Each structure stands twice: as C-alpha cells, then as structure tokens.
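Enquirer: coordinates only, sequence not included:
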Ligand SMILES: NC(=O)c1ccc[n+]([C@@H]2O[C@H](COP(=O)([O-])OP(=O)(O)OC[C@H]3O[C@@H](n4cnc5c(N)ncnc54)[C@H](O)[C@@H]3O)[C@@H](O)[C@H]2O)c1
C-alpha cells in the first residue's frame, strides 16, 4: 500500500474538479485529481461538447435545406450518422488530449482509478491512500430516471442517445427541459418525428414564460409535437418500438424513449456518509463557501444543490482553490450564472425572470421590455424570429435578461455583465453596439428601459 500526500486532493476530474486543481497549482499548492474514467467528465464526454457537435451538424442540415430561400441551390440528400458520429468522436478526442496537456502543464498529478473517501483527509484508490490537507469532492452527476421507469433497450438516456448508430424514425422524449429540447432539435433536423412529454405547462419551464411560448411556436412550426402538463404513466417495449402511456390516456408510439427528467448527484458508494458528510437526497450539503460540515472537505459541481452547469463548476472550483489558499474569494451565486440552451431557436438567459423579480421586489417595483428581433437588421438577415427581454427594478438595476433566437447564446456575455454589475439601463444605453449585429438588440432594450427607444415603437 502506497501513500501520496498533496495540499489538495480532488475526487473527480470533470469541469469542477480539474478547475479546482488548475487554480490550486497556480497558487503554489500541490494537487492531485482522481478520475475513474476520462478527464473532462460529463461535459466533455457525455454532455456539453458532444451534444453541441450534434447540434452543429443539425444546423448545417437546416442551412442546406433553407438554401433556396437565399438563392442557393442546395438540398439534403441524407444524413450519414456514422460520419456525424466520427466528427463528434474526433472532436471530443481532440479536446480530451488538449485537457490532458493542460493538466500536465499545470503540474497536476492525475491518478487513474476509482476513489473512495475513507477519512476526512484520505481518498483510497485501489490499495493506495491519497492524503490531502484538503479534500474536494467533485464526483459529478448521472442521468436519472423516474421510480419504476427502467433504463434499458429502447428506453435510453442522453448518454445512449449520443451514441445511437441510427437516426430514429420516431422518438418520444420524456422531459421538456434542456436535454429534452436539445435532442428534439437535433433529431427533428435529422428527419425524425419527435414528441416531447413535459409534466409542467410549458417547455423549458425554468425560463421566462414568453421565451417558452416562443419556443413552443417555433417547435410547432418545425413539426415537433409536444404534450404539455401531462405526466408519464408507464412504458412497454418490444424489439423494435416503445409504447408510452400518459396519465391523461394519451399513447405515444416511438422507436425510442429518451428519458430527460434531470440529473442526479453521483455520490453513492463513495464513502461520503460514512465519513460524516451531511447529505440531502444524495446531494452534498455545503455552506455558501462550499465547505461541508466535515472540516477540510469541500464540494463543487453537480453534487452541490443548484444549477448543474459546467461553467458553474469551473467557478466553484476556482473559488475553492482560492478559499483554501486564503484569498477570500467572492461567493459564487447561482442567480447570476448565464444559461444557454442550444436548440433551434437558441435560448439564453441570466438573472431573474419577471415573475421571480416581482416575487422578490414586489409587482409595482419591477418593469420590463421585450424587444422583438424583427426590428433588428442582423436577425432579419439570419431569418430568425425571437426576442430579448430585459427585466429591471423601477429606478434600479437590470436584474434579468432573457433571449430567444438564432445564436443568442453569443449575446449572453454582455447580458451577464449588465446583470452581474447591477447596471442601470441608463448606464448601458449610451454604449455603442456594432451595426448590424444582434448585440444591438440588447442595446435597444436598454434604450427603451432608459426612456429613449430608437428602433422600437
Ligand atoms: N445547454 C446546457 O447548459 C445544458 C444542456 C444539457 C443539460 N444541462 C444540464 O443538465 C441537467 C439535466 O437536464 P434535463 O433536461 O434532464 O433536466 P431539466 O431539469 O432541465 O428538465 C427535466 C424536465 O423533465 C420534466 N419532468 C420531470 N418528471 C416528469 C414526468 N414524470 N413527466 C413529465 N415530465 C417530467 C420536468 O418538469 C423538467 O422540465 C440540467 O441541470 C441542465 O441544466 C445543461
């Protein structure tokens, strides 16, 4: 049995875990990352990166289909899913290699194997004991299912969906959240008949309601079917198909059922409870400085209750490394983290929805403006419908920005600076936006809220 000692031992080499180690070594601390599978975790291998590769291929199919409207004679003869898959795999492999190089350059020790917390300062990997002055738990998440809904055969999760070797003819998707609408978008562009089943009254129910409604309109136009406000009851399958029964008696037949009802924390069997770490339904509880109740043990990423996003994980990792190094960093708050959903049309948001802002500040103290992309030249050139909605406190800062339309994910950077800096529309209104860009739509919303609309009626 060998023993190795570090300042920081990180259990899990996904986005949150490796970010912790990079920042730690930059600050002169020694760090080890323990990873049982591949560095990069869900984001690089099963989530953000490969799904966005599929979405990019889907966009190319849509662009080719729409060529004629722009005078370009083009059509889609078919989708070679094997080639799409090899593009996706090569892309991920390249990023994986780059990440390995990044950790090596930062002098991080990567320990391959399954780790288990056996004491507050020790992770066991096989026969080896990896001891840290501090331990950071970053074991990530998994696709969860519903009680009684077994994954297997034609009932699949996003991990299986990514690797399908065929384009399904008909697919049912349980859950109209982020994963559900992204896969619906990909499969529809690849030619499948898609039905989404969502228990709440709207698709992407955590987004601004007007954004959800516009997505529903756009999906309907694309021929994507959805059943809203209805819950799943049961599913049966044979060798070729699934039959999904909903609580209102509706039956959906499809080749596959994708289960996209959220992700659970990957914390089972890792020794956390045995060491006395306080947990809630599998999540690791921390204080706002990401410390668990066990001294010296921190948690970051998807195992900490809140938004399960890679970029939140990065920032939490950086935070914890700086906290351990004694730099007293600024607390990471979920409310001002930007979110992008990469369906067509794309959705991007940061801060409070209008309803949440009214809950927080009172109805009379909140106002908003929704700028229609139809007023923006670049949006019209791109042929996209959509809007940018900004929510402000009356005589106060902008507290939320909510966008839908082609490529609005690329606008979220400015939106998050406005919200995080607690800027007033009057502060932002004089800033000049390049023309013609879709960025102007944020400028137009600020101008209107500041009482001097330009391209708005
Ligand atoms: N672009 C991105 O940033 C991105 C992409 C993919 C995943 N993610 C993250 O991964 C996590 C998981 O994504 P997800 O889409 O699985 O979760 P989600 O929470 O976004 O959506 C799950 C949906 O399933 C619905 N649902 C739950 N039980 C149901 C039932 N019995 N019947 C019908 N509907 C039901 C919920 O109402 C919800 O709308 C999220 O936290 C998400 O932020 C992010």
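Expert: That came through, no problem. Being a predicted model, the structure only gives us computed values, none of them experimental.
Enquirer: any idea how far residue 140 is from residue 395?
Expert: Per C-beta to C-beta, to the nearest Å, residue 140 is found 43 Å from residue 395. C-betas here are computed from N, CA, C, even on glycine.
Enquirer: and if you look at residue 434?
Expert: Distance of residue 434 to residue 395, given as C-beta to C-beta: 30 Å.
Enquirer: how about residue 16, phi and psi?
Expert: phi -70, psi -40 (degrees, to the nearest 10).
Enquirer: thought it was touching residue 138?
Expert: Yes: in this structure residue 16 lies within contact range of residue 138 using C-beta atoms under 8 Å: 4.6 Å.
Enquirer: Spell out which residues are contacts of both of those two.
Expert: 300-301, 313, 317 (C-beta atoms under 8 Å, 6 or more residues apart in numbering).
Enquirer: which among the residues you listed end up buried?
Expert: With burial judged by 16 or more other C-beta atoms under 10 Å, the buried subset of the shared contacts of residue 16 and residue 138 is 300-301, 313, 317.
Enquirer: Secondary structure, distance to residue 116 and pLDDT for the residues you listed - can I get that in a markdown table?
Expert: As requested, these are exported to a markdown table (DSSP: H, G, I helix; E, B strand; the rest coil; distance: C-beta to C-beta, whole Å; pLDDT from 0 to 100):
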| residue | secondary structure | distance to residue 116 | pLDDT |
| --- | --- | --- | --- |
| 300 | coil | 18 | 98 |
| 301 | helix | 18 | 98 |
| 313 | helix | 21 | 98 |
| 317 | helix | 21 | 98 |
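Enquirer: Pick out the residue of the stretch 151-300 of the chain closest to the ligand.
Expert: Nearest residue of the stretch 151-300 of the chain to the ligand: residue 177, at 1.8 Å (C-beta to the nearest ligand atom).
Enquirer: quick one: residue 296 from residue 27, how far?
Expert: With the distance defined as C-beta to C-beta, residue 296 ends up 17 Å from residue 27.
Enquirer: Just list the residues touching residue 278, thanks.
Expert: Neighbours of residue 278 in contact, by C-beta under 8 Å, 6+ apart: 284-285, 292-293.
Enquirer: Distance of it relative to residue 267?
Expert: From residue 278 across to residue 267, the span is 12 Å (C-beta to C-beta).
Enquirer: Overlap in contacts, those two.
Expert: residue 284.
Enquirer: can you list the residues of the stretch 51-200 of the chain near the ligand?
Expert: Residues of the stretch 51-200 of the chain found near the ligand (C-beta under 6 Å from any ligand atom) are 146, 174-180, 182, 197-200.
Enquirer: Residue 140 and residue 395 - which one has more neighbours?
Expert: Set side by side, residue 140 and residue 395 show more neighbours around residue 140, with 28 against 9, by other C-beta atoms under 10 Å.
Enquirer: Do I have it right that the more buried one meets residue 302?
Expert: Yes: applying C-beta under 8 Å, one finds residue 140 in contact with residue 302, separated by 5.2 Å.
Enquirer: right, and the helix or strand after the helix or strand harbouring residue 98?
Expert: Taking DSSP states H and E as the definition, one finds residue 98 inside helix 81-105. Per DSSP H and E, the first helix or strand lying C-terminal to helix 81-105 is strand 109-112.
Enquirer: What number of residues are in the vicinity of the nearest residue to residue 251 once chain neighbours are set aside?
Expert: Leaving aside its sequence neighbours, residue 251 sits nearest to residue 245 (C-beta to C-beta, 6 or more residues apart in numbering; 5.7 Å). By other C-beta under 10 Å, 14 other residues sit near residue 245.
Enquirer: Next one, pLDDT for residue 245 please.
Expert: pLDDT, residue 245: 97.
Enquirer: which element is residue 132 on?
Expert: strand 128-137.
Enquirer: can you tell me how far residue 60 sits from the ligand?
Expert: Separation of residue 60 from the ligand (C-beta to the nearest ligand atom, to the nearest Å): 19 Å.
Enquirer: which residue packs closest to residue 431, ignoring adjacent ones?
Expert: residue 443 (6.7 Å).
Enquirer: chain center to the one helix or strand the one you found maps to, what's the gap?
Expert: For residue 443, the element it lies in under DSSP H and E is helix 440-449. Relative to its parent chain, helix 440-449 has a centroid offset of 26 Å by C-alpha atoms, centre = their mean, to the nearest Å.
Enquirer: Then stretch 38-50?
Expert: A distance of 12 Å separates the centroid of the chain from that of stretch 38-50, by C-alpha atoms, centre = their mean.
Enquirer: tell me the mean pLDDT over it?
Expert: Per-residue scores along stretch 38-50 average to 98.
Enquirer: first to last residue in that stretch, what's the distance?
Expert: End-to-end distance of stretch 38-50 (C-alpha to C-alpha, to the nearest Å): 14 Å.
Enquirer: And for stretch 141-151?
Expert: End-to-end distance for stretch 141-151: 16 Å, by C-alpha to C-alpha.
Enquirer: and what of stretch 107-118?
Expert: Stretch 107-118 has an end-to-end distance of 25 Å (C-alpha to C-alpha).
Enquirer: Same question for stretch 318-331.
Expert: Stretch 318-331 end-to-end distance (C-alpha to C-alpha) = 11 Å.
Enquirer: where does the stretch 301-450 of the chain come near the ligand, residue by residue?
Expert: Residues of the stretch 301-450 of the chain lying near the ligand (C-beta under 6 Å from any ligand atom): 308-309, 339-342.
Enquirer: quick one: which of these sit in strands?
Expert: Here DSSP state E is the test, and these give 339-341 as lying in strands.
Enquirer: Same list (the residues you listed) but as JSON lines, adding pLDDT and neighbour count.
Expert: As requested, these are exported to JSON lines (pLDDT from 0 to 100; neighbours: other C-beta atoms under 10 Å):
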{"residue": "339", "pLDDT": "98", "neighbour count": "21"}
{"residue": "340", "pLDDT": "98", "neighbour count": "20"}
{"residue": "341", "pLDDT": "98", "neighbour count": "25"}
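Enquirer: quick one: the helices in the protein?
Expert: All helices of the chain, identified by DSSP state H, fall at 15-26, 41-45, 48-66, 81-105, 158-162, 178-189, 209-221, 310-324, 354-361, 377-382, 412-420, 425-428, 440-449.
Enquirer: Buried residues in the shortest one, which are they?
Expert: Right, helix 425-428. Taking 16+ other C-beta under 10 Å as the criterion, helix 425-428 shows 425, 428 as buried.
Enquirer: The chain should start at 574 in everything you say after this.
Expert: Happy to do that; since the first residue is 574 now, the last one works out to helix 998-1001.
Enquirer: Work out the gap between it and the centre of the chain.
Expert: Worked out by C-alpha atoms, centre = their mean, helix 998-1001 lies 29 Å from the chain centre.
Enquirer: which strands and helices sit next to it?
Expert: Packing partners of helix 998-1001 (3 or more C-beta pairs under 8 Å, 6 or more residues apart in numbering; DSSP states H and E): helix 1013-1022.
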